[in-house]
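In: requesting a structural model of the entry that follows:
(chains A, B and C)
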Amino acid sequence: MSDEQIVKKFMYVNRKSPYGTIYALESLEVVLISAAFDQDVSLTFTDDGVYQLMKNQQTDGIGMKNFSSTYSALGDYEIKKIFIDKESLDERGLSLSDLQELVWEDEDEDYAEKSSINLVSRAELSEIMNQQDVVLSF
Amino acid sequence: MKLGILINEGPYQHQASDTALQYVKAALKKGHEIYRVFFYNDGVNNATRLATPPQDDRNITKEWSSLAKDHGIDLVVCVAAAQRRGILDKGEAERNGKDSDNIEDGFRISGLGQLVEAGIQADRLITFGD
Amino acid sequence: MNMLHTINKSPFENSTASSCLKLCTKDSSILFIEDGVISVMKSTKFSETIENALKEFKMYVLKPDLEARGLPLNNVIEGVEIVGYEEFVDLTTEHKTVQSWL
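Out: Predicted structure coming up:
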């Protein structure tokens, strides 16, 4: 781990649906590791990446491990900036209610659960992306 | 500048590793420092010394290895991704009860933290993938 | 300088280039590499998209990838700058962040 107090803005951009390729799973693995480095971490779900957060994923039939519950642990790792591209949802006939809820517990408010999800327009998302120091797209 | 490189695809199937090689050579020529090259996803397959491409084709693994040797570049293969895909150094082979290792000289196996660290320490992190 | 975006997919194969164009902020730059170089050819179904985007973004295309594919340099849409690997390196260091659209 770094001794220096460098805090950079890291954004992980997820653009692919889960299971068809390994990118969603291995992206999530990087995100979880990055939590240990005390950086300013955010996740973006855009394009087919929004399918990563679908509720009711059942993978028994394809013989693969269902990793969708791992997303709900992000809050425990202090990763609480999740950006979802509204237009990508719209294009796919989806809304936030199709996706799992992601929350974090605010220690300062008696561990009140707060939503980590920010539904953003493309214009907002591009501004947020523009502020990043490191962008990792999977 | 200090540059970090991330390679997410294996050799030959995709141009990613070739483009990264050309990029790194150009960066070195221009006097930049390569802080680390990190191999992730199928990119870990760049590290196997058992690949035997046809004689008249490039050997991407050897190219990385000799570039690393000549310029002291840190080539790091993600341990979790490598285990999934059967890329092993001696220690990993022993730990996992495998009968051999297959990692090329100049590559080392380590954790994903090395990627995050490259993101923190390098001035730029450039990804090559599919 | 803002972000450098790299695109390595043909616009006929998938929508990466379109997604990138929608999420780029003004004064970002876009570099087309690998199969992405197909995006900046004249007289294709996609040319107009690039020509319009050139009003907002700087665009570059990697010469060795054009040459490898037999794509004539004079068929690159005007305004798109043709660069080599060394200029690719310069572009990554001149911009604050690099996003590879994979």
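In: point out the residues in chain B that sit beside chain C.
Out: For chain B, the contact set with chain C under Cβ under 8 Å from any Cβ of the partner chain comprises B:1, B:3, B:8, B:15-16, B:19, B:22-23, B:25-27, B:29-30, B:32, B:123-130. (Each C-beta comes from the backbone N, C-alpha and C, glycine too.)
In: okay, and for chain A, where does confidence drop off?
Out: When the per-residue scores of chain A are filtered using pLDDT under 70, the ranges that remain are A:1-4.
In: output the longest helix along chain B as PDB, restricted to C-alpha atoms.
Out: Longest among the helix segments of chain B by residue count, using DSSP state H, is helix B:16-29. Only the C-alpha atoms of helix B:16-29 are listed here, as PDB (Å, rounded to 0.1, in the frame of the first residue of the first chain):
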ATOM      1  CA  ALA B  16      -4.400  -5.100 -27.800                       C
ATOM      2  CA  SER B  17      -1.000  -6.500 -26.700                       C
ATOM      3  CA  ASP B  18       0.600  -5.600 -30.000                       C
ATOM      4  CA  THR B  19      -0.700  -2.000 -29.800                       C
ATOM      5  CA  ALA B  20       0.500  -1.800 -26.200                       C
ATOM      6  CA  LEU B  21       4.000  -3.000 -27.200                       C
ATOM      7  CA  GLN B  22       4.200  -0.400 -30.000                       C
ATOM      8  CA  TYR B  23       3.000   2.300 -27.600                       C
ATOM      9  CA  VAL B  24       5.500   1.300 -24.900                       C
ATOM     10  CA  LYS B  25       8.400   1.300 -27.400                       C
ATOM     11  CA  ALA B  26       7.400   4.800 -28.600                       C
ATOM     12  CA  ALA B  27       7.000   6.000 -25.000                       C
ATOM     13  CA  LEU B  28      10.500   4.700 -24.100                       C
ATOM     14  CA  LYS B  29      11.900   6.300 -27.200                       C
END
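In: hmm, the following helix or strand past it touching chain A?
Out: Once helix B:16-29 ends, the next helix or strand along the chain (criterion: DSSP states H and E) is strand B:33-39. No - with Cβ under 8 Å from any Cβ as the criterion, chain A is not reached by strand B:33-39; the gap is at least 10.2 Å.
In: what's in contact with the helix or strand encompassing residue B:3?
Out: Assigned by DSSP H and E, residue B:3 belongs to strand B:2-7. Under the criterion Cβ atoms under 8 Å, 6 or more residues apart in numbering or on different chains, residues A:136, B:16-17, B:20, B:23-24, B:27, B:32-40, B:43, B:46, B:115, B:118-119, B:121-129, C:92-93 lie in contact with strand B:2-7.
In: next, the buried residues of that strand.
Out: If you call a residue buried by 16 or more other Cβ atoms under 10 Å in any protein chain shown, then strand B:2-7 has these buried ones: B:3-7.
In: show me how far it is from its chain's centre.
Out: Relative to the chain's own centre, strand B:2-7 is displaced by 10 Å; criterion: Cα atoms, centre = their mean, to the nearest Å.
In: measure residue B:18 to residue A:124 for me?
Out: Here the criterion is Cβ to Cβ, to the nearest Å. By it, residue B:18 lies 37 Å from residue A:124.
In: who has more neighbours, those two?
Out: Applying other Cβ atoms under 10 Å in any protein chain shown to residue B:18 and residue A:124 shows that residue B:18 carries more neighbours, namely 18 against 14.
In: what about residue 93, which helix or strand?
Out: Went with chain A since none was named. Here residue A:93 sits in a region with no helix or strand, counting by DSSP H and E.
In: let's do chain C instead
Out: Residue C:93 is located in helix C:85-94, with elements delineated by DSSP H and E.
In: and that helix with chain B, contact?
Out: Yes - remark: helix C:85-94 sits within contact range of chain B at C:85-86, C:88-90, C:92-93, by Cβ under 8 Å from any Cβ.
In: cool, and stretch C:58-75?
Out: Yes - when contact is scored as Cβ under 8 Å from any Cβ, part of stretch C:58-75 falls within range of chain B: residue C:64.
In: gap between the two ends of that stretch?
Out: The separation between the terminal residues of stretch C:58-75, taken as Cα to Cα, to the nearest Å, is 18 Å.
In: what's the offset of it from the middle of its chain?
Out: When distances are taken as Cα atoms, centre = their mean, stretch C:58-75 is centred 10 Å away from the chain's centroid.
In: and the gap between the residue sitting furthest away from the middle of chain B and residue B:45?
Out: When distances to the mean C-alpha position of chain B are computed (Cα atoms, centre = their mean), the maximum falls on residue B:97, with 24.0 Å. Counting by Cβ to Cβ, the gap between residue B:97 and residue B:45 amounts to 22 Å.
In: rewinding a little: give me the element the residue farthest from the centre of chain B is part of.
Out: Assigned by DSSP H and E, residue B:97 falls outside every helix and strand.
In: measure it to chain C for me?
Out: Relative to chain C, residue B:97 is positioned 35 Å away (Cβ to the nearest Cβ, to the nearest Å).
In: give me the local confidence score for that residue.
Out: The pLDDT attached to residue B:97 in the predicted structure is 96.
In: closest one to chain C out of the buried residues of strand B:2-7, please.
Out: For those, the closest approach to chain C (Cβ to the nearest Cβ) belongs to residue B:3, at 7.3 Å.
In: what's near enough to touch the residue nearest in space to the middle of chain A?
Out: When chain A is reduced to its mean C-alpha position, the nearest residue by Cα atoms, centre = their mean turns out to be residue A:43, at 3.9 Å. If a contact means Cβ under 8 Å, 6+ apart, then residue A:43 has A:11-12, A:14, A:31, A:74, A:79, A:81-83 as its contacts.
In: which of the residues you listed are buried?
Out: Members of those that pass the buried threshold by neighbour count (16+ other Cβ under 10 Å) are listed as A:11-12, A:14, A:31, A:74, A:79, A:81-83.
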